[in-house]
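Undergrad: need a structure here:
(one chain, ligands or ions: 2)
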Amino acid sequence: MKSVRVVVVGAGVIGFSTAVCIAEALPFCSVTVLAETFSPNTTSDGAAGILFAAEFPDIPLERQKRWFKDSFDHLLAIAVSEQSPDAGVMLSSGWQIFKEIPAKKKPFWSEFVIGFRSMTDRELKRFPDHKFGQAFTTLKCECSSYLPWLEKRFRKAGGKVEQRKVNNLQELSNSFDIIVNCSGLGSKMLVGDTEVYSVRGQVLKVEAPWLQHFIRDGDGKTYIYPGTQSITIGGTRQEGDWRLQVDEGDTKGILERCSRLEPSLSKGKVISTWVGLRPSRKNPRVEREVVQLRSCRVPVVHNYGHGGWGVTLAWGTGLDALGLVRQCLHEMPLQAKL
Ligand SMILES: Cc1cc2nc3c(=O)[nH]c(=O)nc-3n(C[C@H](O)[C@H](O)[C@H](O)COP(=O)(O)OP(=O)(O)OC[C@H]3O[C@@H](n4cnc5c(N)ncnc54)[C@H](O)[C@@H]3O)c2cc1C
Ligand SMILES: O=C([O-])CC(=O)C(=O)O
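TA: Ligands and ions are numbered 1, 2, ... in the order given. Next up, the predicted model:
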C-alpha cells in the first residue's frame, strides 16, 4: 500500500519533471500533481526549450553544473531514442554570437553540450556586427509535446492529476504528508515569496523550413530556434512586466532584429505570436522547510524560480527535489511511513 501522500503543486516542466522523479523513485508514495493550468496553458508550453543557461550568482557552480548535466543527459537519451518525436526532444546545432567579447568565453555548461568551440573568423564573417561566437550542438525540448509525454510517464508510475487552484498551503495539510511547491510565479501568492518576479518574453512561430541552425545573440534578446514544426524567433526580456497580451511593437522589433541575423526570415510566414512570463528570482529556490499549517507541521519542498532556464534545468532540479523529499521522509514519524 502507498502510505505517504505527496502533492506536487504545478504542472509546468518543473512540476511534471519533479513528479516523475518522485513517483518513479519512491513507489511507496502516492503522488498527485495538482495545478490550476495544464498543458497547453502553462508558461513552459511556449518556451523555445533550448538547453543552455546563465549562471545564478549564489548557487555553488558545482550544483548548477549538476543540474545542467543531469538534465542534458536525461534529454539526450530521449533525443537519440525512438521516443524523440513523441517527446518533442531533438538535437540542435548552431551559434551564439556576441557584439563584445564576453568575460567568460566558455560558459559553465560548455563541457556538457556537444562539440563546444569558439567560432572561426570565417564563420563570423556573416555576422559583421559581432566580434565573437560559440558553435555547439545542444538540445531543444518542446514542452507542448514533452509535457503530455511526461504526464503519460507519470500516470504509468501510478501518479494522479487534479486540476484546481490552491489558495494557500493549509488547504493541502489534511490530505497530504509532503507538499512539493513547483508553482513558478504562483509562489508569489502561494507562499508569499516577494523575491519572485516576472520577466516578460514574446516570441513568434514562423514557417521557414529551410533554416536548420539556431542563432542566438548573447544579449538574450534576439534568437532563432528551428524546431520540429516551425521556427521560434524572439525575444524580449522585460523585467517586472506582467502583460500577457501581444505587443505589436515587440513583434516588429523581433522580426527586424532576427531578419538582420538571418535575412531569409523575410520570406518566412508568421504562424503565431505568444507571450510568457518567466518565473524569475535572483536564484531559483530548491530547498526544504517545515511549515506550521493549522495544527500540523508539514514538510514543504520548494522548486521554483528558474527564470529563462526552466526547461534546461527541470530534470536536474527535479532530482534535487527528490533528494529533499527523501530527507523529509527520513525525518517523518515512523507510522506515516508504514
Ligand atoms: C518566451 C520564453 C522563452 C523561453 N525559452 C526557454 C528556453 O529556450 N529554454 C529554457 O530552459 N527555458 C525557457 N524559458 C523559461 C521557461 O519557460 C520557464 O523557466 C519554465 O517554463 C518554468 O516552468 P515552471 O514549471 O516553473 O512554470 P510554469 O510552466 O509557469 O508552471 C507553473 C504551474 O504552477 C501552477 N500554479 C501556479 N500557482 C498555482 C496555484 N496557486 N494553485 C495551483 N496551481 C498553481 C500553474 O497553473 C502551472 O501549472 C522561456 C520562457 C519564455 C517566456
Ligand atoms: O534566452 C533564450 O535563448 C531562450 C530563453 O531561454 C528565453 O527566452 O528565456
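Undergrad: From now on I want contacts and neighbour counts done on CA atoms only, so please keep to that.
TA: Noted.
Undergrad: For the closest residue to ligand 2 within the chain, list the residues it contacts.
TA: Proximity to ligand 2, evaluated over the chain using CA to the nearest ligand atom, is greatest for residue 308 at 3.4 Å. Under the criterion of CA atoms under 8 Å, 6 or more residues apart in numbering, the neighbours of residue 308 are 53, 278-280.
Undergrad: pretty sure residue 138 belongs to a helix, no?
TA: No. When DSSP: H, G, I helix; E, B strand; the rest coil is applied, residue 138 is found to be strand, with no helix at that position.
Undergrad: you'd agree it is up against residue 53?
TA: No. Using CA atoms under 8 Å, residue 138 and residue 53 do not qualify as a contacting pair, with a distance of 11.3 Å.
Undergrad: Looking at those two, which is more packed in?
TA: residue 138 (22 against 19; other CA atoms under 10 Å).
Undergrad: what's across from that one in the sheet?
TA: When assigned by DSSP bridges, residue 138 has beta-bridge partners residue 92.
Undergrad: Tell me which residues touch it, please.
TA: Taking CA under 8 Å, 6+ apart as the test, what residue 138 contacts is 50-52, 91-93, 113-114.
Undergrad: Could you please name the strands whichever strand or helix holds residue 301 pairs with and the direction of each pair?
TA: Residue 301 is part of strand 296-304, with elements assigned from DSSP states H and E. Applying DSSP bridges, strand 296-304 is found paired with strand 178-181 (parallel), strand 285-293 (antiparallel).
Undergrad: in it, what's buried?
TA: Going by neighbour count (16 or more other CA atoms under 10 Å), the buried part of strand 296-304 is 298-304.
Undergrad: Can you check which of the strands paired with strand 296-304 gets nearest to ligand 1?
TA: Once CA to the nearest ligand atom is applied to these, the stretch that comes out nearest is strand 178-181, at 8.4 Å.
Undergrad: hmm, the closest one touching ligand 1?
TA: No. Using CA under 6 Å from any ligand atom, strand 178-181 stays clear of ligand 1, coming no nearer than 8.4 Å.
Undergrad: what is the mean pLDDT for the helix or strand that that strand is followed by?
TA: Next in sequence after strand 178-181, counting helices and strands by DSSP H and E, comes helix 187-190. Per-residue pLDDT values over helix 187-190 give a mean of 97.
Undergrad: what comes into contact with helix 187-190?
TA: Residues external to helix 187-190 that are found in contact with it (CA under 8 Å, 6+ apart): 166-169, 181, 193-197, 304.
Undergrad: Regarding residue 273, which helix or strand does it belong to?
TA: Secondary structure assigned from DSSP H and E places residue 273 in strand 269-280.
Undergrad: now that strand against strand 296-304, angle please.
TA: Taking axes from the mean of the first three to the mean of the last three CA atoms, to 10 degrees, strand 269-280 and strand 296-304 form an angle of 140 degrees between their directions.
Undergrad: Give me the helices and strands touching strand 269-280, please.
TA: In terms of contacts (3 or more CA pairs under 8 Å, 6 or more residues apart in numbering; DSSP states H and E), strand 269-280 is packed against helix 43-46, strand 197-207.
Undergrad: mind checking pLDDT for residue 293?
TA: Among the per-residue scores, residue 293 holds a pLDDT of 87.
Undergrad: Would you map the helices across this protein?
TA: Using DSSP state H, the helices of the chain run over residues 13-25, 43-46, 61-79, 84-87, 121-124, 143-156, 170-173, 187-190, 248-261, 310-331, 334-337.
Undergrad: I'd like to know which of those helices is closest to residue 3.
TA: Nearest to residue 3 among the helices of the chain is helix 334-337 (6.0 Å), distances taken as CA to CA.
Undergrad: Ligand 2 contacts on this structure?
TA: Counting by CA under 6 Å from any ligand atom, the chain sits next to ligand 2 at 48, 220, 223, 308-309.
Undergrad: can you redo the contacts of helix 187-190 as TSV with distance to residue 248 and pLDDT?
TA: TSV is the format used below for the contacts of helix 187-190 (distance: CA to CA, whole Å; pLDDT from 0 to 100):
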residue	distance to residue 248	pLDDT
166	34	98
167	34	96
168	37	95
169	39	96
181	35	98
193	32	98
194	30	97
195	30	98
196	27	98
197	23	98
304	30	98
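Undergrad: This completes my enquiry, with thanks.
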